[in-house]
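Colleague: just need the structure, nothing else, for what follows:
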Amino acid sequence: MKAVVYGIDGTKAKEIELPDAFDANVRNELIRRAFLSEQSEEFQPKGAYKWAGMETSARYRGRKEAYHTLKNRGGSKLPRQMFPKGGIGQVRRIPSSVKGRRAHPPKPEKVIVERMNRKEKEKALISAIAATANAEIVKARGHKIKDVAMPIVFDDSLEDVKKTREVVKIFERLIGDDLKRSVNGTKKIGWRMGGKKVPRSALVVVSGDVALKKSARNIPGIDVSSVDKLTVSDLAPGGDPGRLTIWTKKALDALGKKKEEKK
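Modeller: Predicted structure coming up:
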C-alpha cells in the first residue's frame, strides 16, 4: 500500500510504501476492548480506612456485675462509649450510629482493571492504525475531509515547525474544514467550574520529542503523540476507529522498524 507525502507548503512531494500495519483488517470489537482496557488502567482504586469507625472506646458489656455494664439500665443493647468512673456515652462503631463504620465500604483489593492479552492488544493497535488509512471509516466518524489521500503523510520538516500559527496554516491547506468543525463545535461545560468540550480533530504522530509537540498542542482538537507511545485511545477515542491521523515520514519509518524487530 502506498501513500502520498505532502510538503509543508501543501504540494505532493513523492510516494512511499506504507508499513504492513496499514494493510491489516479493521477489528472493531478488538479496538473497543483495548480502549476499555486502557481506560480502566487509569481508574483510581477506592477503599475505606481499615479501622474507620473502630477507633473508639465503645463496646457492649452485658454482665450485670461488670464495671461499665449496660445491662438493666433501660437502654438499647448496643456498643457505647466508656468514660472514666463508670460513665457511658453515645452509641458508636455500628453502621447506624453517628461516626460509625460503613456496612459495606468499597474494598481496595477489588479488581477494577479489565485485563487484555498482550497479543490481542497489539492486534487492536494494528487494526486502529489500519483504520486511519480508510477514508470511509474516517468520514463515518464525523471528520470532514476533501480531496486528501489517506493516510495523510507529511515530510520530516513538519516536525521542526516551532510556531503555532505556522502549524495552523499548514494544516488548513489539507484539513481546514475539520479544524473549523472542532472550533465551531466547542461547547462550554457547566456554569460554575467552567471547562470546554472540544470535538476531536486530527492526531499528529511524530517520531519522538520534537518541536511540533509544543507548537501544535494549543490548536483546538489537535493531539500530538510520538509513535513509540501510540495507544488505541489516541487512534480511536471512545472506542470508535477512524480518527483523522497525520503521520510524518520519520514516524512511519519508526513504525516499520518496530514491526520488523518484533518479527
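Colleague: starting at the chain centroid, how far to stretch 71-88?
Modeller: Distance of stretch 71-88 from the chain centroid (CA atoms, centre = their mean, to the nearest Å) equals 53 Å.
Colleague: buried residues of that stretch, list them for me.
Modeller: Neighbour counts over stretch 71-88 (16 or more other CB atoms under 10 Å) mark 79, 80, 81, 82, 88 as buried. C-beta: built from backbone N, CA, C; applies to glycine.
Colleague: and of those residues, the nearest to residue 49?
Modeller: residue 79 (18.8 Å; CB to CB).
Colleague: what are the contacting residues of stretch 88-102?
Modeller: For stretch 88-102, contacts defined as CB atoms under 8 Å, 6 or more residues apart in numbering pick out 48, 52-54, 56, 58-59, 68, 70, 73, 76, 78-83, 103.
Colleague: ok so, going back, now the buried residues of stretch 71-88 as JSON lines including secondary structure, pLDDT and distance to residue 5?
Modeller: Output for those, formatted as JSON lines (DSSP: H, G, I helix; E, B strand; the rest coil; pLDDT from 0 to 100; distance: CB to CB, whole Å):
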{"residue": "79", "secondary structure": "coil", "pLDDT": "93", "distance to residue 5": "76"}
{"residue": "80", "secondary structure": "strand", "pLDDT": "91", "distance to residue 5": "79"}
{"residue": "81", "secondary structure": "strand", "pLDDT": "92", "distance to residue 5": "77"}
{"residue": "82", "secondary structure": "strand", "pLDDT": "90", "distance to residue 5": "81"}
{"residue": "88", "secondary structure": "strand", "pLDDT": "87", "distance to residue 5": "84"}
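Colleague: strands of the stretch 101-250 of the chain, start to end?
Modeller: For the stretch 101-250 of the chain, the strands defined by DSSP state E, counting those that start in this stretch cover 152-154, 187-188, 196-197, 203-206, 223-226, 245-248.
Colleague: list the pairing partners of the first one within its sheet, with orientation.
Modeller: So the one you mean is strand 152-154. Sheet partners assigned to strand 152-154 using DSSP bridges are listed as strand 2-6 (parallel), strand 245-248 (parallel).
Colleague: so which of those strands is the most packed in?
Modeller: Among those, strand 245-248 has the highest mean neighbour count (mean count of other CB atoms under 10 Å), at a mean of 25.
Colleague: domains in the protein, by residue range?
Modeller: 2-43+117-262, 46-112 (automatic domain parsing).
Colleague: tell me the most buried of the ones you listed?
Modeller: Highest mean neighbour count among the domains of the chain (mean count of other CB under 10 Å): domain 2-43+117-262, with a mean of 17.
Colleague: just to revisit the earlier point, which of the buried residues of stretch 71-88 lies closest to residue 143?
Modeller: Among the buried residues of stretch 71-88, residue 79 lies closest to residue 143 (CB to CB), at 63.1 Å.
Colleague: my read is that that closest one contacts residue 62, right?
Modeller: No: counting by CB atoms under 8 Å, residue 79 stays clear of residue 62, with 10.9 Å between them.
Colleague: run the chain-centre distance for the lengthiest helix in the chain.
Modeller: Longest helix of the chain, by residue count under DSSP state H: helix 164-184. Centroid separation for helix 164-184 versus its chain: 24 Å, with CA atoms, centre = their mean.
Colleague: no more questions from me, cheers.
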